[in-house]
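1. Compute the structure for the input listed below.
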Amino acid sequence: MIEKHSRWPLANREFRANRKSLANRKSQVANRKSQIASVVLLVLFLWLPASAGRQDPAVPERPPFDVWLADLVRDAKTEFNDDLVTRTLSNLEPLERVIREDRSQAELVVGFERYYRSRVNARVVQRGMAAARQNRTLLSRIEDQYDVQRRFLVAIWGIETQYGRVMGRTPVFQALATLAWEGRREQFFRGELFDALRMVDRGHIDAGTMTGSWAGAMGHPQFMPSSYLKFAQDFDRDGRRDIWRNTGDALASIANYLQGFDWTNEETWGREVRVTDAVRARVEQEVSKRTQGCFAIRNMTERIPLARWQALGVRRVDGGALPRADVDAGLVLTDNRAFLVYRNYDAILAYNCAHYYALTVALLSDQLR
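-> From the prediction side, this is the model:
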């Protein structure tokens, strides 16, 4: 019986030798890849901070919620009577969805265009115009008293609660306790929790009906408790600062808030502009960033005269020259859009210090003008 390949013994031997050589080369390549991978992993291990893979250092490890709550109750009883503390703080449980919301806020995790389109569309504009018409007399009185243009009041109202349609149903004390215990902004939310206790203690609202957003913001203007205590208004003078059911109180409270942060009705918020790559590079070299305030404020330029922006090459969106006005403006860049913003823009940032939010309010106000 003739063996397989016996007719070509030399070719068969060469074939086996070549196959063995190829296998050896593949093994050598695999070994080199394994060695390279090991080196890369070692470098990454040495490069990564010691905290990698552990809890975010900005969120410290927390005690069990019941232990934390017992300590909070002891502190609360040094200022408030036992009955109030029991009615508001007993039997609270943390809300996991509140923590999820806090760690995935839209102002921080999506692009501006997506954020804006999700909040402003033709229906939102139409409803805003209808709300302005329906409350024309009320808005005129508020404008006269607070010197804040009505379109900004209506825009904030629309973005915050869809003109009062969505004010949140989360129990405020449960939301604030969850966020204070979670620890990312413990001192802020602990302070808000005590201000919520003060609201109930002073008779502004009953604890059982005190509901709001996942973060504890309340009523038509979505005020945190500290903002309520400082800015809420009794516009109809019925003895209550009712931002939940009284549209006049709510809109006057928004106006009072903006006025409290130096709003001027002699200016608008700013304008969208055209900034080429070359102009952007020039601005980065010649105009410094702001150094005080929240992250959003520190992520925009100092305010300089419009004439200086004109000289740097900034233009209107249509390519025309900037207005010849004695106004200082800062530059805000988001995605592929650019905006020159005036002093009033800072007041909108005081309401919610995120450029996505402030620009959305501003652009909606332009459509409601």
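
2. ok, which stretches of the stretch 101-250 of the chain are helices?
-> Applying DSSP state H, counting those that start in this stretch to the stretch 101-250 of the chain gives helices spanning 106-109, 112-119, 122-134, 136-146, 150-161, 172-182, 186-201, 225-231, 247-260.

3. Please tabulate the ones you listed in JSON lines, including the columns mean neighbour count.
-> Backbone N, C-alpha and C define where each C-beta goes, glycine included. Formatted as JSON lines, the helices of the stretch 101-250 of the chain follow (neighbours: other Cβ atoms under 10 Å):
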{"stretch": "helix 106-109", "mean neighbour count": "13"}
{"stretch": "helix 112-119", "mean neighbour count": "16"}
{"stretch": "helix 122-134", "mean neighbour count": "14"}
{"stretch": "helix 136-146", "mean neighbour count": "15"}
{"stretch": "helix 150-161", "mean neighbour count": "24"}
{"stretch": "helix 172-182", "mean neighbour count": "24"}
{"stretch": "helix 186-201", "mean neighbour count": "19"}
{"stretch": "helix 225-231", "mean neighbour count": "20"}
{"stretch": "helix 247-260", "mean neighbour count": "23"}
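
4. Relative to residue 99, which of these is closest?
-> Closest to residue 99 of the helices of the stretch 101-250 of the chain, according to Cβ to Cβ: helix 172-182, at 5.3 Å.

5. so the closest one versus helix 186-201, what angle?
-> 160 degrees (axes from the mean of the first three to the mean of the last three Cα atoms, to 10 degrees).

6. gap between helix 172-182 and the chain center?
-> Helix 172-182 sits 18 Å away from the centroid of its parent chain (Cα atoms, centre = their mean, to the nearest Å).

7. do stretch 249-256 as well
-> Worked out by Cα atoms, centre = their mean, stretch 249-256 lies 22 Å from the chain centre.

8. Only C-alpha atoms, please: export it in CSV.
-> Provided in CSV are the C-alpha atoms of stretch 249-256 (Å, rounded to 0.1, in the frame of the first residue of the first chain):
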residue,chain,number,x,y,z
ASP,A,249,-46.7,84.7,44.2
ALA,A,250,-44.7,82.3,42.0
LEU,A,251,-43.8,84.7,39.2
ALA,A,252,-43.1,87.5,41.6
SER,A,253,-40.8,85.2,43.5
ILE,A,254,-38.8,84.4,40.3
ALA,A,255,-38.6,88.2,39.6
ASN,A,256,-37.4,88.9,43.2
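
9. tell me the mean pLDDT for it?
-> Mean per-residue pLDDT for stretch 249-256: 98.

10. Which residues does that stretch contact?
-> Stretch 249-256 has contacts (Cβ atoms under 8 Å, 6 or more residues apart in numbering) with 135, 138-139, 142-143, 145-146, 148, 153, 156-157, 164, 219-221, 223, 228, 231-236, 240-244.

11. I appreciate the help and will end here.
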